[in-house]
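[1] Fold the following and give me the result.
(3 chains)
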Amino acid sequence: MRRLLVHQPPTVNCLWRETTMAALRTRVGCLLQGFFSSSKIPRSSFDIRFDGCVTQVRFKGGPATPRFRHPVWHVRKERAHYPENLTAENKEFIRETISQDFGPPIVAHGVKTYDSPLKNIEKIEPVQWFPGIRRTSTIAKKIGIQPLWLNDGTRVMTTLLQIVDNHVIKYNPPDQVIPLRRRHKVIPKKVLGKFGALIVGAESADPQEFTKNYCGLFRESGLPPKRKLARFLISPEAVLPSGTPLNAMHYRVGDYIDATGFTIQRGFQGVMKRWGFKGQPATHGQTKTHRRPGSIGGGAGHRVWPGKKMPGHMGGRHRTLRALKILRINTEYNVLYVTGQNIPGQINSYIYVHDSLSHHRWVKDAKDAWPLPTYIPTETEVPENLYASDVHPFDAPSITYEIVDTPVVRTGAKIAKAKGSKK
Amino acid sequence: MWHSLSRIFTMSVLVNLVNTATSCSTVLWRGFHTSPACHRLQKLSRLRVVDNSELGKQAMLEGKPPRIIQVYNKNGIGTTGDIVLCAIKGLKKKGVIVGVKAQQPVLLPRTDSNNVVLIEDNGTPLGTRIVVPVPSCLRTILKKKTHAKGADYTKVLSIATRFV
Amino acid sequence: MAFYVSRLSLGLELRRLGCKTMRCSGVDCRSSSSTSTTLAPRSLADDGKTDKLGRREKKNLMMSESVDKPDLNLRFKYPEMFPEPFMIWRNPVKEKLERKDMLARRNCISIPEFYVGSVLRVNLSNIHQPDKVSSFVGICIERKETGLRASITLRNVIDNLGVEIKLELYDPRLLKIEVLRLERRLDPHLRYLRDAPPEYSTFPLDMKPDINRSDEVPLNRIKVKLNPRPWTENWHKIEYKGIDESIDDLITNKWKARRELLRKPWEKYDLMKTYRATLPEEEMEEILTEIKDDVEEHDRKHSRRQS
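    From the prediction side, this is the model:
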């Protein structure tokens, strides 16, 4: 007992030594093993000396799972905002320079922007529709949810998508399109050569917010830098010149759209919330098992199959809701009123609005085609609110139903009626 | 225990006799609390008979309101206009639900008691009058449920006194 | 619009920085879940001295502030015009569009001033009736939600059966809303009438409107006696001003002790809770200046129709 105390100072972790003994033996050799077993020298110093070269291999997993990372040639957007201590004169100078390039700051269609001097945009010519043509999508902001009533009195919840200050930035022809790298997705080759990529930006912002490199992306188009950039695959026929504004008139009431968004972050969640498992009973002898998944497999495989529903991070994924009908368009604020209150993403987050690719909803005939390549403004004034044919406008009188003469149903309760029942 | 229970029971009958079929809450009042109020109409829920049939009146007077023993729909939870099978005074009678306590959609009435009108298998009501107002949406619902060869549930509408 | 956005964002920035922001005085600490109740005039009525609708506050405002500011007491008249103060769900453009729609609807039908406790008659088109029209008379026991989703619940006892109907104020199926008795009650909602004797919520279906035309809305200080248990909700847990003290005889001693434990007297001093549950006064003024003209015109039109 006394010996043991002498040879094992309190700093040494006995357990650790036992478990790594085998590794030590193989690495250090028999000589050292002799030293260990003889237990003549104090071990503390010895162990510490060997700490550096003994590595634990127990917890090392397989190769790291491939994570999606943006390509290295993507420019950095945010910059560090350190205090610059600019004088009032310098600030004024910067403001003037910005307004020289992009015009004075204004609020147009409910969005803060710059009064861009881009006046000489190329004139857009309408394009003939053909099957399979794909035009550009837009970037919208989910601004809220409100009800609309149809003409028969039913209430429909709608999501308001505001198309915020969209401009075409650049066009990459099909041979220059580099597909996004996705982990599990194989992009078919025939798609690659077929579609060009149109880069669209939303919400002009102060260039001081971003890095120099990011602002450089917009130099060719002559636009102020945009808060949000997106790339949409389009047919080369439906190309738009850079600087073209896109607004809510790009769509028509009654059209169907797909909305893509980034779902709300929920954090690390258990299986009941994440996958809707049932859990276990609250009582009846349950020990520490109420919200657990239960068995995760078994049988001959003796393994957990890939794709097993397990606890983990929930939300924060790109999801698309398909075939949503546009019930109303506000042309003044560029707002689409779209059916459904479950469009992915928080309120005030960005949503991509595509023409619907749902099988029953895509355009199949030239007479149903949307404006191609986009809406071309004309002299005639557009009303502020456009309603789909089945929607009841708010400034219309109340709904009244027509009295229809229905044939009298034979009831057979004539005695009952005679005994004094009245309507 | 049994003694006190029986006393409570007789009391409830007395209360019953005093205000006959005025409001269900007084009729069913017990001195002890069993479970939180559940507004779902499922099997073994109690109902209040609101027509003037002898069977229904007697059952309510005795303090033995009918229980649901079957709801004839897909999900087993009854709402306005659903047909149910009731156990009443040792008999099996069908009934039409004409008022529910549960939360209702906009513009549909919600009542303070779960009301039922007793009918025969062919849809003929047992009573000649419904003593409380019934929701007007029953007109549409019962008409939809009536088929040419099945029971004629619209007979219930003809004995209603007031629609809301 | 530019003005509106800039003012709102300015207000938000100010609030983020914790600068001077006046909050409206209507704070209901108990019902934190339904923030819309903060707009109900209840809190003004709590103060025994100001029986009239915020008369004292109005005087102070008139004395201290300049003439241009809108009368903040109008917020009790149009509670659904003010958004819920949840910052993550708010957007100035959406709120503005919603308000426009509400005013457009108010041009078509008159939505009069009423409060929880007022008796209303509602005419609506009903597809189930043979003449496609129906009407309902009842006391407003609840006023919920804001914006176009604003809804009320009417309750009446017809043929000894309590009947309730929930209506959406901006539903185009409504043909007419008429106030038969204009008064306020002590509580933000009167759901406890469900567990009260029927005489408290019985109103004849052919009731005639009796409104004394004066500026102040009368406050009804009636105390309701409840039926014995079981109840639909635990009325003893929260101190309702409109429930009679005889409620103590209906509950057990154990429940009384539990009620003492559940009380939260410190909540009325919780400034952060008040801050989160209310709109700042500047925003209210902005909204009021925006809707003022339309609303006044609506009132004028409505009064002309009645006279």
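
[2] List the contacts of A:H392.
    Applying Cβ atoms under 8 Å, 6 or more residues apart in numbering or on different chains, we find A:H392 in contact with A:L148, A:W149, A:L150, A:N151, A:I399, C:P172. From N, CA and C alone the C-beta is placed, and that goes for glycine too.

[3] how about 6 Å then?
    Residues near A:H392 by Cβ atoms under 6 Å, 6 or more residues apart in numbering or on different chains: A:W149, A:N151, C:P172.

[4] Equivalent analysis for A:G270, please.
    For A:G270, the set of contacting residues under the criterion of Cβ under 6 Å, 6+ apart consists of A:R291, A:P311.

[5] Next up, phi/psi of it, please.
    With angles defined as degrees, to the nearest 10, A:G270 sits at phi -80, psi 180.

[6] So it versus chain B, what's the distance?
    Distance, A:G270 to chain B, by Cβ to the nearest Cβ, to the nearest Å: 27 Å.

[7] and if you look at C:K144?
    As defined by Cβ to the nearest Cβ, C:K144 lies at a distance of 12 Å from chain B.

[8] count of residues packed around that residue?
    Neighbour count of C:K144, defined by other Cβ atoms under 10 Å in any protein chain shown: 16.

[9] ditto for B:K143
    When neighbours are counted by other Cβ under 10 Å, B:K143 registers 15.

[10] Is it in a helix, a strand, or coil?
    Following DSSP: H, G, I helix; E, B strand; the rest coil, we place B:K143 in the helix state.

[11] Once you drop chain neighbours, what's closest to it?
    Closest residue in space to B:K143, ignoring its immediate chain neighbours: B:T154 at 5.9 Å, by Cβ to Cβ, 6 or more residues apart in numbering or on different chains.

[12] that older thread, can you pick the most crowded of the contacts of A:H392?
    If you rank those by neighbour count (other Cβ under 10 Å), C:P172 sits at the top with 25 neighbours.

[13] Phi, psi for it please.
    As for C:P172, its main-chain torsions (degrees, to the nearest 10) stand at phi -70, psi 0.

[14] ok, back up a step: got JSON lines for the contacts of A:H392, with distance to chain B and pLDDT too?
    What follows is the contacts of A:H392, written out as JSON lines (distance: Cβ to the nearest Cβ, whole Å; pLDDT from 0 to 100):
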{"residue": "A:W149", "distance to chain B": "11", "pLDDT": "97"}
{"residue": "A:N151", "distance to chain B": "16", "pLDDT": "95"}
{"residue": "C:P172", "distance to chain B": "12", "pLDDT": "96"}
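
[15] circling back: pretty sure the residue nearest to B:K143 contacts B:I141?
    No - using Cβ atoms under 6 Å as the test, B:T154 is too far from B:I141 to be in contact (10.2 Å).

[16] Nearest to chain C: which residue in chain B?
    With distances taken as Cβ to the nearest Cβ, chain B approaches chain C most closely at B:D112, which sits 3.5 Å away.

[17] any low-confidence regions in the chain?
    Using chain A. Low-confidence segments of chain A, defined by pLDDT under 70, span residues A:1-73, A:119-120, A:180-187, A:406-423.

[18] switch to chain C, that's the one I care about
    Scanning chain C for pLDDT under 70 picks out C:1-68, C:213, C:304-307.

[19] Just give me the neighbour total for C:K100.
    In terms of burial, C:K100 registers 20 neighbours under the definition other Cβ under 10 Å.

[20] which SS state does it fall under?
    Following three-state DSSP, the label given to C:K100 is helix.

[21] Tell me how far it lies from chain B.
    C:K100 sits 23 Å away from chain B, going by Cβ to the nearest Cβ.

[22] of all the residues in chain B, which ones are close to chain C?
    Counting by Cβ under 6 Å from any Cβ of the partner chain, the positions of chain B adjacent to chain C are B:22, B:37, B:106, B:109-112, B:132-133, B:136-137, B:139-140, B:164.

[23] In strands, which of those appear?
    When these are checked against strands using DSSP state E, the ones located there are B:R110, B:T111.

[24] In helices only, show me the residues of chain B next to chain C.
    Judged by DSSP state H, the residues of chain B next to chain C include B:C137, B:R139, B:T140 as members of helices.

[25] rewinding a little: what's the closest of the contacts of A:H392 to A:A202?
    Ranking the contacts of A:H392 by separation from A:A202, with Cβ to Cβ as the measure, puts A:W149 on top at 30.8 Å.

[26] sorry, back to before: could you redo the contacts of A:H392 as a markdown table and give each row distance to A:A205?
    A markdown table is the format used below for the contacts of A:H392 (distance: Cβ to Cβ, whole Å):
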| residue | distance to A:A205 |
| --- | --- |
| A:W149 | 38 |
| A:N151 | 42 |
| C:P172 | 40 |
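
[27] Understood, closing this out.
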